[in-house]
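In: have a look; sequence and predicted model below, questions after that.
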Amino acid sequence: MASFDTTRRLVGALDAARTFRRQSAGLLALLLACAAWILSSADTPEPFAGLLIAVAACALVIELGLALAARRREAACADELILLGFGCESTRTPVERAVARRASWLERPRTRHRLAKHLRWRLKLAEGSLGISPGYMRTSVHPPLARYERSALLVNYTLIREMADRLERGPTDPRALVLLWSVVLALSCLIVLWVAYSYHVMGWTANY
């Protein structure tokens, strides 16, 4: 039932993203046409064309924002299906293609390297070795770690460090990558459970 609901939401996100992309392309074509119109009649000002460009530009920004939100919903639904063990043996349907794209993105060396860097950065932040002032952290994109978050990171320091090293060495189970990205993007008191389960999914116990 959960898989069906997630699949339905993924289909909706794919449809929305496709619609927003088409509308964005249409608005961009309108902007280019208006710009060409203004340039072709440079001697005679065209206030209507300028107003049309301003309105179309605002609408284009909104459409791009909606398209980005739809892409994020698509990625979140694909992550849920990956965690549920959805296979990517074929790419016949839009859902299968979306999950395959997401799994491929997660398994790319560049993506794994970014994830490893994020994990190491949070470890350094937890141990206080970055030398970042609390004032800077309060005004930055990344808020300062809460006491329980810092404690969870320090307790699992060696484990998380091993994970970061393993990520850069080779391919990993996509389920573990989804869980680790959830830790990086939304650090919470459940970090210990996520890390422990990721460790179990990757099957690293035998390798270490």
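Out: Looks like it came in fine.

In: what's around residue 164, how many residues?
Out: 21 (other C-beta atoms under 10 Å). Every C-beta, even on glycine, is put in place using the N, C-alpha and C of the backbone.

In: please, which helix or strand holds it?
Out: helix 157-169 (DSSP states H and E).

In: immediately after the helix-or-strand element of the chain with minimal mean pLDDT, which helix or strand?
Out: Every helix and strand in the chain was compared by mean pLDDT, DSSP states H and E; the lowest is helix 134-139, with a mean of 50. Using DSSP H and E, the helix or strand that directly follows helix 134-139 along the chain is helix 147-155.

In: could you check the angle that next one makes with helix 157-169?
Out: 70 degrees (axes from the mean of the first three to the mean of the last three C-alpha atoms, to 10 degrees).

In: remind me what helix 147-155 packs against, helices and strands.
Out: For helix 147-155, the elements it packs on are helix 109-127, helix 191-202, judged by 3 or more C-beta pairs under 8 Å, 6 or more residues apart in numbering; DSSP states H and E.

In: picking up where we left off before, check which helices and strands the helix holding residue 164 sits against.
Out: Judged by 3+ C-beta pairs under 8 Å, 6+ apart, helix 157-169 is in contact with helix 109-127, helix 174-185, helix 191-202.

In: and of those helices, who's closest to residue 22?
Out: Nearest to residue 22 among those is helix 109-127; the distance by C-beta to C-beta comes to 28.0 Å.

In: name the residues of the lengthiest helix in the chain that are buried.
Out: Looking across the chain with DSSP state H, the single longest helix is helix 2-40. Of the residues in helix 2-40, those with enough neighbours to count as buried (16 or more other C-beta atoms under 10 Å) are 6-7, 10-11, 13-14, 16-17, 20, 23-24, 27, 30-31, 34, 38.

In: identify the residue spatially nearest to residue 80, adjacent ones excluded.
Out: Leaving aside its sequence neighbours, residue 80 sits nearest to residue 6 (C-beta to C-beta, 6 or more residues apart in numbering; 4.6 Å).

In: quick one: stretch 168-177 to chain centroid distance?
Out: 16 Å (C-alpha atoms, centre = their mean, to the nearest Å).

In: kindly apply the preceding question to stretch 80-88 instead.
Out: Worked out by C-alpha atoms, centre = their mean, stretch 80-88 lies 17 Å from the chain centre.

In: who's in contact with the nearest residue to residue 120 once chain neighbours are set aside?
Out: With sequence-adjacent residues excluded and distances taken as C-beta to C-beta, 6+ apart, residue 120 is closest to residue 164, at 5.2 Å. Counting by C-beta atoms under 8 Å, 6 or more residues apart in numbering, residue 164 touches 115, 116, 117, 119, 120, 123.
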